[in-house]
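Engineer: Have a look at this prediction, sequence included:
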Amino acid sequence: MHTVYIDASSAILLYKAGLFVPCTQYFSIIMETHVYKEVGVPDHPGANFFLSMVQKNSVKVCRADTDRQDNINLPENMDLGERQTLVLYFQNVDPDQPSFITIDDAKGARFCLRHKVPFINALLVPKILWFAGILNKNDYLNKTAFVIGIGRYSKTVIEKAKALSPSDLAMFIPYEI
């Protein structure tokens, strides 16, 4: 099973789109402690949902060791949740275990691109689940439209996402179905 390190924005988008639970069934989802605090703010939409996901062990919460950032040169202006997600990924990545980051932060995505860190954004999740046979085409199209409607994606990002094929996304497609 793929290990997915997720940031707060992506988790909230997937929750609102009704895609977070299916993701927990096909991926091992890990949230850094700071990210979990962001999505678990009392009285905010989704707070009780994320608490229940952790209580059911559908999501694992882990702390990044900020004292041990090794050779990770993250931009200083990156938000703390995204920084900690990336640090946690680097501290735990196992070459024998497929893993990637789900991040909906432009600075974080640029860092991943520059440093060849495998990542997707929440916009690609419906497509990946469709390619895996988990969603039907109609659900894929509806969920994608919903994520576009509530997300902050540029036209360029949306067009790139539409153009991606199963072979382009192969490393992100769950294989334990």
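Structural biologist: Everything's here; your move.
Engineer: buried residues in the helix or strand hosting Phe111?
Structural biologist: With elements taken from DSSP states H and E, the one containing Phe111 is helix 106-114. The neighbour-count check on helix 106-114 (16 or more other C-beta atoms under 10 Å) flags 108-109, 111-112 as buried. Quick note: C-beta positions are derived from backbone N, CA and C, even for glycine.
Engineer: Could you count how many residues lie near the residue nearest to Phe100 when sequence neighbours are not counted?
Structural biologist: Taking C-beta to C-beta, 6 or more residues apart in numbering as the measure, Phe100 lies nearest to Pro118, with 3.9 Å between them; neighbours along the chain are not counted. Taking other C-beta atoms under 10 Å as the criterion, the count of residues near Pro118 is 14.
Engineer: Pro118 touches Ala170, doesn't it?
Structural biologist: No: under the criterion of C-beta atoms under 8 Å, Pro118 lies out of contact with Ala170, with a separation of 11.1 Å.
Engineer: which element follows the helix holding Phe111 toward the C-terminus?
Structural biologist: Stepping forward along the backbone from helix 106-114, the first helix or strand reached (DSSP H and E) is strand 119-120.
Engineer: now what about that following strand, what contacts it?
Structural biologist: Counting by C-beta atoms under 8 Å, 6 or more residues apart in numbering, the neighbours of strand 119-120 from elsewhere in the structure are 100-103, 108-109, 112-113, 128, 169, 172.
Engineer: All the strands of the protein, residue numbers only.
Structural biologist: 2-6, 27-32, 59-62, 99-102, 119-120 (DSSP state E).
Engineer: Name every strand pairing with the second one and say which way it goes.
Structural biologist: In this case it means strand 27-32. Strand 27-32 sits in its sheet next to strand 2-6 (parallel), strand 59-62 (parallel), going by DSSP bridges.
Engineer: do the same with the last one
Structural biologist: Strand 119-120 has its sheet partners listed here by DSSP bridges as strand 99-102 (parallel).
Engineer: so what's the residue nearest to Ile103 when sequence neighbours are not counted scoring on pLDDT?
Structural biologist: Once its chain neighbours are removed from consideration, Ile103 has its nearest residue in Asp7; the separation is 4.7 Å (C-beta to C-beta, 6+ apart). Asp7 carries a pLDDT value of 97.
Engineer: what do you get for Thr33?
Structural biologist: pLDDT, the model's per-residue confidence, is 97 for Thr33.
Engineer: circling back to that earlier point, out of the buried residues of helix 106-114, which two are the most distant from each other?
Structural biologist: By the measure C-beta to C-beta, those have their two most distant members at Ala109 and Phe111, which lie 7.3 Å apart.
Engineer: if I pick Ile6, what's in contact with it?
Structural biologist: Here Ile6 is in contact with 14, 29-31, 35, 85, 101-103 (criterion: C-beta under 8 Å, 6+ apart).
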